[in-house]
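> Using only what follows, build the 3D model:
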Amino acid sequence: MTIDMNRTDPSKTMAFCEPCSGIQLNWRRAPGHAELVQGANRKEPRDSGPVTVTRYRCDRCGSTWDYENNKANQRAGWSVVTR
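Reported below is the predicted structural model:
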């Protein structure tokens, strides 16, 4: 799967491995995959209070992901940081 993070610049296109391309973005409680290695946790402020954001890195394709565990926001969940 290819995700164009900046539609005006084709050089910003990111290629994910098959497991990463299956991650459902922006949906709390969506699963990641077995090759995501957990990194550091951090707290970030939100209107509903502080939430935990955990950084992950894919061992297969090197993509970096954040997972926001915000019980007040069903649209939190997975987001892509870098490829």
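> give the contact list for residue 56.
Neighbour list for residue 56: 32, 36, 37, 38, 39, 64, 65, 66, 67 [criterion: C-beta atoms under 8 Å, 6 or more residues apart in numbering]. In this view, the C-beta of every residue, glycine as well, is placed from N, C-alpha and C.
> shouldn't the first one be in contact with residue 65?
Yes. Using C-beta atoms under 8 Å, residue 32 and residue 65 qualify as a contacting pair, with a distance of 7.1 Å.
> overlap in contacts of these two?
What both residue 32 and residue 65 touch, as defined by C-beta under 8 Å, 6+ apart, is the set 23, 56, 78.
> List buried residues within the contacts of residue 56.
The neighbour count (16 or more other C-beta atoms under 10 Å) marks 32, 36, 65, 66, 67 as buried among the contacts of residue 56.
> I'd assumed residue 31 was in contact with the last one.
No. The pair residue 67 / residue 31 is not scored as a contact, 10.2 Å apart, by C-beta under 8 Å.
> Could you single out the nearest of the shared contacts of residue 32 and residue 65 to residue 71?
residue 78 (15.6 Å; C-beta to C-beta).
> where exactly do the helices run in the protein?
18-21 (DSSP state H).
> so where is it shaky, pLDDT-wise?
Along the chain, the model assigns pLDDT under 70 to residues 1-14.
> from what I can see residue 73 touches residue 48, true?
Yes. Using C-beta under 8 Å, residue 73 is in contact with residue 48, at 7.3 Å.
> Between those two, which has more neighbouring residues?
Using other C-beta atoms under 10 Å as the criterion, residue 73 and residue 48 rank with residue 73 on top: 15 against 10.
> Just give the nearest non-adjacent residue to that one, would you?
residue 28 (6.8 Å; C-beta to C-beta, 6 or more residues apart in numbering).
> was I right about that neighbour contacting residue 72?
No. Residue 28 is beyond contact range of residue 72, at 9.5 Å (criterion: C-beta under 8 Å).
> who has more neighbours, those two?
Ranked by neighbour count (other C-beta under 10 Å), residue 28 and residue 72 place residue 28 first, with 17 against 11.
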